[in-house]
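Engineer: Using only what follows, build the 3D model:
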Amino acid sequence: MKATKASDIKREWHLIDVDGKTLGRISTEIAGFLMGKSKPYFVRNLDCGDFVVVINSKKVKVTGNKENKKVYKRHSGYPGGFKTETLGELRIRKSDDIIRRAVSGMLPQNKLKDQMLNRLKVFEGNEHSYNDKFIKKGRTK
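Structural biologist: Numbers count the residues shown, from 1 in each chain. Now for the predicted structure:
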C-alpha cells in the first residue's frame, strides 16, 4: 500500500438538511465528512475531508431541556468581557453558530482543524449559494 499524498486527495460536496435532526447525531456525521474518515486513503496527518453544506440550521433539534440549560461561553479578552448565552438565545441571534460549535468540538484539536472548518458552509434557511456544486453529472436530454 502506497502512502497518501496531497495530490491524491479528491474533495466531494455533501448537502445535509438538518431540519428535525438531533444536533449531536448530525454533528458527528458532518465531522466525519470534514475529516474524510470514510475515504480509503484517509491518513491523520493530511486533510482528506470533503466540503459540507448544511441547510436549515435554525430547525435543528435538541433533546431534553438543552434549549434552556445548555450554555455557550465566550470572553472578549477585556476585563468584564465574559459572556454567556443559552442555546435558545444563540438560536435567535446566530443559529448557524450552533452547528459550527458542535462540529468544531468533534474535530481533532490540531493544525488541520481550521482548514476543515473552512470547508463547512452553514445556512439558516433552505437557500444556499452552492447549487452548482450539486448538479448531477452525466447525460441530459
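Engineer: I'd like the distance from the helix or strand hosting Tyr72 to the chain centre, please.
Structural biologist: Assessed by DSSP states H and E, Tyr72 sits inside strand 71-75. Centre-to-centre, strand 71-75 and its host chain are 19 Å apart (C-alpha atoms, centre = their mean, to the nearest Å).
Engineer: That one: what's the following helix or strand?
Structural biologist: strand 82-86.
Engineer: The following helix or strand past that next one vs strand 82-86, what angle?
Structural biologist: Once the chain leaves strand 82-86, the next helix or strand it forms, by DSSP H and E, is helix 87-94. On the basis of axes from the mean of the first three to the mean of the last three C-alpha atoms, to 10 degrees, helix 87-94 is oriented at 100 degrees to strand 82-86.
Engineer: still on that earlier bit, other SSEs contacting the strand holding Tyr72?
Structural biologist: Contact analysis of strand 71-75 by 3 or more C-beta pairs under 8 Å, 6 or more residues apart in numbering; DSSP states H and E lists strand 82-86, helix 87-94 as its packing neighbours. Quick note: C-beta positions are derived from backbone N, CA and C, even for glycine.
Engineer: Please produce JSON lines containing these, extended by mean neighbour count.
Structural biologist: Putting these into JSON lines (neighbours: other C-beta atoms under 10 Å) gives the following:
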{"stretch": "strand 82-86", "mean neighbour count": "12"}
{"stretch": "helix 87-94", "mean neighbour count": "15"}
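Engineer: could the ones you listed go into TSV alongside mean pLDDT and distance to Asn68?
Structural biologist: Output for the helices and strands packed on strand 71-75, formatted as TSV (pLDDT from 0 to 100; distance: least, C-beta to C-beta, whole Å):
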stretch	mean pLDDT	distance to Asn68
strand 82-86	97	6
helix 87-94	95	6
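Engineer: Nearest to Cys48, out of those?
Structural biologist: Among these, helix 87-94 comes nearest to Cys48, with 29.4 Å by C-beta to C-beta.
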